[in-house]
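[1] Provide a 3D model corresponding to the input given below.
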Amino acid sequence: MASYCQTQIVFYSHKAKLIKDLWRKINNYMRFSPIRTVYGFLLEECYTSKKVASLTGKNNYFVCCNKYVILNKNLAYLKIATASAWKVETNVFYKYICDKYDGQVDMVYLAQEQDNGIFINTDATGFYFWQRYKINYFNLENGDCITKYFRDWDSLCQYVQSVFPKVDMADIYDVDDIETKIWDKYSKEDEEFYCDIHKFVCP
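    As a prediction, this is how the structure comes out:
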């Protein structure tokens, strides 16, 4: 069974009419397509089946799209979500906006796939996607599964210190150091305990 990479994509431009055009195309396709594949979308956009096969597989799906285009001063943008089997499939969208909008639409994305260790954030400014670190752990007090995101290293460290007070935060330089110390101090308290921490990278 495929493990799916969850990806959020923001398309933005100073030309609102281009974003509105893209929003209309994606929205119409999602509304009337029973399977919502990116593969099928490109076919409707008049790409040949050979070209589409070179750009994406048939396990890359639209999940959702903004209900409307967002206008922010002189900038317009829309956000979609996709799910793709095993890996990130965003190059297809870079190719699409290059072909259809002649470099006047840009995009950034946030992608996550736990099993393959995919944690990517291409939004260097943090304007659309502020997430830089993620922690998943088993709460020893109530048994809840907790997921938290952080916009910077200091916020992550402060949170870890508050939740795992036994951990010595001295001489910690990356998420692997934090994970190791947490496991050393807490893994024996409950057989269901787990904790993993990830940094979003920009390839």
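
[2] Point out where the protein drops to low pLDDT.
    Applying pLDDT under 70 to the chain flags the ranges 1-2.

[3] Now with 90, please.
    1-3, 72-74, 86, 103, 115, 139-143, 169-173, 187-192, 203 (pLDDT under 90).

[4] where along it do the helices fall?
    Shown for the chain, the helices assigned by DSSP state H span residues 16-32, 38-44, 49-55, 91-101, 153-163, 175-186.

[5] any chance of the ones you listed in a markdown table, with mean neighbour count and distance to Cys5 too?
    Bear in mind the C-beta positions are built from the backbone N, C-alpha and C, glycine included. As requested, the helices of the chain are exported to a markdown table (neighbours: other Cβ atoms under 10 Å; distance: least, Cβ to Cβ, whole Å):
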| stretch | mean neighbour count | distance to Cys5 |
| --- | --- | --- |
| helix 16-32 | 16 | 19 |
| helix 38-44 | 19 | 13 |
| helix 49-55 | 13 | 16 |
| helix 91-101 | 16 | 13 |
| helix 153-163 | 15 | 23 |
| helix 175-186 | 16 | 20 |
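
[6] Redo these as JSON lines? Include distance to Tyr68.
    Converted to JSON lines, those look like this (distance: least, Cβ to Cβ, whole Å):
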{"stretch": "helix 16-32", "distance to Tyr68": "8"}
{"stretch": "helix 38-44", "distance to Tyr68": "20"}
{"stretch": "helix 49-55", "distance to Tyr68": "28"}
{"stretch": "helix 91-101", "distance to Tyr68": "19"}
{"stretch": "helix 153-163", "distance to Tyr68": "32"}
{"stretch": "helix 175-186", "distance to Tyr68": "37"}
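
[7] out of the ones you listed, nearest to Ser3?
    With distances scored as Cβ to Cβ, the stretch of the helices of the chain nearest to Ser3 is helix 38-44 (17.8 Å).

[8] Which other helices and strands does that closest one contact?
    Contact here means 3 or more Cβ pairs under 8 Å, 6 or more residues apart in numbering; DSSP states H and E; on that basis helix 38-44 packs against helix 16-32, helix 49-55, strand 60-65, helix 91-101.

[9] picking up where we left off before, what's the closest of the helices of the chain to Pro203?
    Each of those has some distance to Pro203 by Cβ to Cβ; the shortest is helix 91-101, at 11.2 Å.

[10] Output the contacting helices and strands for that closest one.
    Secondary-structure packing of helix 91-101 (3+ Cβ pairs under 8 Å, 6+ apart): strand 4-13, helix 16-32, helix 38-44, helix 49-55, strand 106-113.
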